[in-house]
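Participant: just the structure for this:
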Amino acid sequence: MQILFITSNRLGDAVLSTGLVGALIERHPEARLTVACGALPAPLFAPIPNVDRVLPLVKRPWAGHWLDLWRFAVGRRWDLVVDLRASALAWTLRAGRRRVLDTRKSPAPVHRVHQLADLLELNEPAAPRLWLDAASRARAAELVPEREVICLAPTANWGGKRWPAERFAELGQCLSATGGAVAVVGAVGEREMAAPVLDSIPHDRLIDLVGTEPLPVLAACLARMSLYVGNDSGLMHLAAAAGAPTLGLFGPSRHEHYAPWGEGCAYVRTPESYEQLVEVPGFDHRSQESLMTSLTVATVEQAARELLA
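Facilitator: Reported below is the predicted structural model:
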């Protein structure tokens, strides 16, 4: 059985779709999968036993990346095409069955994991999961000790979703007051964003993971964390899928859709609702100013300690 699985270019949505891959393999253990996704999350799909190919969709002018995928797929016969991008591609291929996600059909706010489960008519939501190779786990064991490690993720791809870095620094000091280690995570190019947090942690207790390791190693590191606290971002979903107790911080994004998924996961948000933050006169989505300033350190610390208990 040949399955074409088209998922997101973005890390967070791609991670949330990993549970669907697992559900497909459980339902069709003989299936061979081709996964098309963004270049960033591509390494997360490569270790999956039933995946034969991972096709990174690197954006090109005039939607050239979609043309590349079509050229690859059009000459093959697919038993099932699962398209989470709601593209027209699925309808141009020879396929026994097609499942194309259309979020416009959701009558009420529904978590993304529930939307994906409904697409395949699953009885239960398919929790995101990771397949971590032995080399990545071994490298993570070198980086993250087997003791309490608090992980802080002060970055996000939009300034409006970023809780002020100075508050992350204060939170780290509160949560590690007994001398525990603090890890700081982020992507390549986000060191300036994370600098106030990095600078606030004594060198002998700091684990610097801001753009220092490939994504599979970072995922394996997250699996070893005692607690992860971070903005609504792809790394938040990666931490939750890795099994770390995960606290997501929300403001101008919808926790109903994108709260971290799994046991030991929770979220806190600003006193203002999503609508109160973004559906106001003069709102400019291009602004990089934080809309998270009303969320206090005390509120986040309390929720964090509840997850640590």
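Participant: so where do the strands sit in the stretch 151-300 of the chain?
Facilitator: 181-186, 206-210, 227-231, 246-250, 265-269 (DSSP state E, counting those that start in this stretch).
Participant: which helices and strands sit right next to the second one?
Facilitator: Where contact means 3 or more Cβ pairs under 8 Å, 6 or more residues apart in numbering; DSSP states H and E, strand 206-210 is packed against strand 181-186, helix 191-200. Any C-beta I mention is one placed from the backbone N, CA and C, and that applies to glycine too.
Participant: please repeat the previous calculation with a cut-off of 10 Å.
Facilitator: helix 134-143, strand 149-153, strand 181-186, helix 191-200, helix 215-222 (3 or more Cβ pairs under 10 Å, 6 or more residues apart in numbering; DSSP states H and E).
Participant: mean confidence for the last one?
Facilitator: Regarding helix 215-222, the rounded mean pLDDT is 98.
Participant: on that earlier part again, can you say which of the helices and strands packed on strand 206-210 is nearest to Asn9?
Facilitator: Comparing those against Asn9 with Cβ to Cβ, the closest turns out to be helix 215-222 (14.0 Å).
Participant: now do the closest one: which elements does it pack against?
Facilitator: helix 42-45, helix 134-143, strand 149-153, strand 181-186, strand 206-210, helix 234-242.
Participant: could you dump the ones you listed into a markdown table and include mean neighbour count, distance to Gln276 and mean pLDDT?
Facilitator: Formatted as a markdown table, those follow (neighbours: other Cβ atoms under 10 Å; distance: least, Cβ to Cβ, whole Å; pLDDT from 0 to 100):
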| stretch | mean neighbour count | distance to Gln276 | mean pLDDT |
| --- | --- | --- | --- |
| helix 42-45 | 21 | 35 | 98 |
| helix 134-143 | 15 | 40 | 98 |
| strand 149-153 | 26 | 25 | 98 |
| strand 181-186 | 25 | 28 | 98 |
| strand 206-210 | 20 | 32 | 98 |
| helix 234-242 | 28 | 22 | 98 |
